[in-house]
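# Predicted structure and sequence below. I'll ask about it afterward.
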Amino acid sequence: MKYLFFFLLSIIYCADKPTVYFTKNITGEEIVKKFKKLGVNLQGKVGLKVHSGEPNGPYFLRPNFLQPIYEHTNGTFIECNMAYNSERLTTEGHMNTLKTNG
């Protein structure tokens, strides 16, 4: 047990501290700026996981947020069907929700 303790202690004190990036400005343009600043150059097939929200609900990623990220990455939008009874239980339901929410 004491060896486990020393092993964990050595990891804590010897590991490099992570670099954390933070912004208060949460926009699609700001995300693209961060990609560029970090030198992130996504290549190949890029999946953009979106959240379509419930129809007419307040919680979903807006098109004006996603557009700059989509243009920068040339990505493909990905959304998963819900496991609970929802309008978004099927792909068709997701498409209808996306149309409803803009």
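In hand now; what should we look at? Numbering: from 1, shown residues only.

# from here on, contacts and neighbour counts on C-alpha atoms
OK.

# Now do Lys99 against Glu54, distance only.
11 Å (CA to CA, to the nearest Å).

# And these two? Which one has more around it.
Glu54 (17 against 11; other CA atoms under 10 Å).

# Tell me how far that one lies from Leu98.
9 Å.

# what does Pro68 give?
Look at Pro68 and Leu98: by CA to CA, they are 18 Å apart.

# Comparing the two, which residue is more hemmed in?
With neighbours defined as other CA under 10 Å, Pro68 and Leu98 compare such that Leu98 has more, 20 against 17.

# Got the confidence number for the more buried one?
pLDDT, Leu98: 82.

# give me every residue that touches it.
Ser52, Pro55 (CA atoms under 8 Å, 6 or more residues apart in numbering).

# Going by neighbour count, list what's buried in whatever helix or strand it lives in.
Assigned by DSSP states H and E, Leu98 belongs to helix 91-101. Neighbour-count burial for helix 91-101, counted by 16 or more other CA atoms under 10 Å, picks out Gly93, His94, Asn96, Thr97, Leu98, Asn101.

# Now the residue nearest the centre of the chain: closest residue in space that isn't a chain neighbour?
Centroid-nearest residue in the chain: Lys49, 5.9 Å away (criterion: CA atoms, centre = their mean). Ranked by CA to CA, 6 or more residues apart in numbering and with sequence neighbours excluded, the top spatial neighbour of Lys49 is Ile78, at 4.7 Å.
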